[in-house]
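Colleague: missing the sequence, but the structure's below:
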C-alpha cells in the first residue's frame, strides 16, 4: 500500500475509534480539558523522531506489582521527581496509529499511566517527553499473564544520565 493510501486508511479507521480512544484516557483519570490532541500527521512526525533518537538506546526494565503506586518504580520516580511543573509529555496507546496522541502535563502523564495501561484494550501506555529526553513503555500484565501476572512491565529509554 502506498503511503498516502495507508495514511487515509488509518485516518478513516481513526474516525471510528477516536471517541473510545479519548474515553480510555478519561477513564484513566485525565480531565477532558487537559488532553490536547495531536493529530495523525503530527503524531507520525513525532514517531519518526522517536525512531531516529531512541533505537540505539537500551531500555532499562522493571516489573512492579499492580498494587504499588508509580512512585514505587525506580525508573519512573527518578524522572518524575526531576520534572518541572510546566513540562509536557505525549501520552498514547497502540491506537495512536489511528487516533494520534495527546499532549499533557508530564506529571499527570506519570500519575495516570498505570490507569491507562489497565483500561486500554492492548494494556499498554506510552509516555514521551515533548523534548524527546525519555520514552516509557508501560504494559499491564493481567492475572492471565503466564510469567508475571498482576504486574506492570516498565521500560524506559532515556537520554538523561
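Modeller: On my side now, so go ahead. Since the structure is predicted, the reported quantities are computational estimates derived from the model, not experimental observations. Numbering: from 1, shown residues only.
Colleague: any low-confidence regions in this protein?
Modeller: Applying pLDDT under 70 to the chain flags residues 1, 161.
Colleague: mind listing the strands for it?
Modeller: 36-38, 60-65, 88-92, 101-105, 124-129, 134-141, 151-158 (DSSP state E).
Colleague: most packed of those strands?
Modeller: Mean neighbour count (mean count of other Cβ atoms under 10 Å) peaks for strand 88-92 among the strands of the chain, with a mean of 24. (Glycine included, C-beta is placed from N, CA and C.)
Colleague: helices and strands around that strand, which ones?
Modeller: Packed against strand 88-92, as judged by 3 or more Cβ pairs under 8 Å, 6 or more residues apart in numbering; DSSP states H and E, are the following elements: helix 40-53, strand 101-105, helix 106-119, strand 124-129.
Colleague: the same query, at a cut-off of 6 Å, please.
Modeller: Applying 3 or more Cβ pairs under 6 Å, 6 or more residues apart in numbering; DSSP states H and E, we find strand 88-92 packed against strand 101-105, helix 106-119, strand 124-129.
Colleague: what strands line up against it, and which way round?
Modeller: Here strand 88-92 is paired, per DSSP bridges, with strand 101-105 (antiparallel), strand 124-129 (antiparallel).
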